[in-house]
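Peer 1: Kindly return the folded structure for what I paste below:
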Amino acid sequence: MGIIAWILIGLIAGAIAKALTPGKDPGGCLVTMVIGIAGGLLGGWLGKVVFGVHSINGFFHLSTWIAAIVGSVIVLFAYRLFTGKR
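Peer 2: This next block holds a predicted model:
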């Protein structure tokens, strides 16, 4: 899967990650999209490098979405850690 597909998945995964993690986040829709894109790319990279998967199966496979959502949750927690409470 290419980087464009991971960006598209990341947009949706960011919204899902924000819905899964409780609490109020600083930032709005644009921040959620950026977090989702970064999380989708992180999930794809983790799937390839850390777990030794040559490539995530495809756009509509469950493993692809799980990797993108987990990556988005990781990026969201890091974002909350660095921005703190405002």
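Peer 1: thought Gly43 was touching Ala67?
Peer 2: Yes - using CB atoms under 8 Å, Gly43 makes contact with Ala67 at a distance of 3.7 Å. Every C-beta, even on glycine, is put in place using the N, C-alpha and C of the backbone.
Peer 1: Pass me the low-pLDDT residue ranges in the chain, would you?
Peer 2: Along the chain, the model assigns pLDDT under 70 to residues 1-2, 25-26, 51-60, 85-86.
Peer 1: show me where it has helices.
Peer 2: Using DSSP state H, the helices of the chain run over 3-20, 29-49, 62-83.
Peer 1: Please work out which residues outside the first one touch it.
Peer 2: Spelled out, that is helix 3-20. Here helix 3-20 makes contact (CB atoms under 8 Å, 6 or more residues apart in numbering) with 25, 32-41, 43-44, 59, 64-65, 68-69, 71-73, 75-76.
Peer 1: Save the helices of the chain as TSV, and put in mean neighbour count too.
Peer 2: What follows is those, written out as TSV (neighbours: other CB atoms under 10 Å):
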stretch	mean neighbour count
helix 3-20	19
helix 29-49	20
helix 62-83	18
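Peer 1: and the gap between Phe77 and Ile35?
Peer 2: 10 Å (CB to CB, to the nearest Å).
Peer 1: if you skip the residues just before and after it, what's nearest to Val75?
Peer 2: Closest residue in space to Val75, ignoring its immediate chain neighbours: Gly39 at 4.2 Å, by CB to CB, 6 or more residues apart in numbering.
Peer 1: wouldn't that neighbour be in contact with Ala68 here?
Peer 2: Yes - between Gly39 and Ala68 there is a contact at 6.4 Å, judged by CB under 8 Å.
Peer 1: Using PDB, write out the CA atom coordinates for stretch 34-41.
Peer 2: Output in PDB follows, covering the C-alpha atoms of stretch 34-41 (Å, rounded to 0.1, in the frame of the first residue of the first chain):
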ATOM      1  CA  VAL A  34      -2.900  15.600  11.400                       C
ATOM      2  CA  ILE A  35      -2.900  13.200  14.300                       C
ATOM      3  CA  GLY A  36      -4.700  10.600  12.200                       C
ATOM      4  CA  ILE A  37      -2.300  11.000   9.200                       C
ATOM      5  CA  ALA A  38       0.700  10.700  11.500                       C
ATOM      6  CA  GLY A  39      -0.800   7.800  13.300                       C
ATOM      7  CA  GLY A  40      -1.700   6.000  10.100                       C
ATOM      8  CA  LEU A  41       1.900   6.400   8.800                       C
END
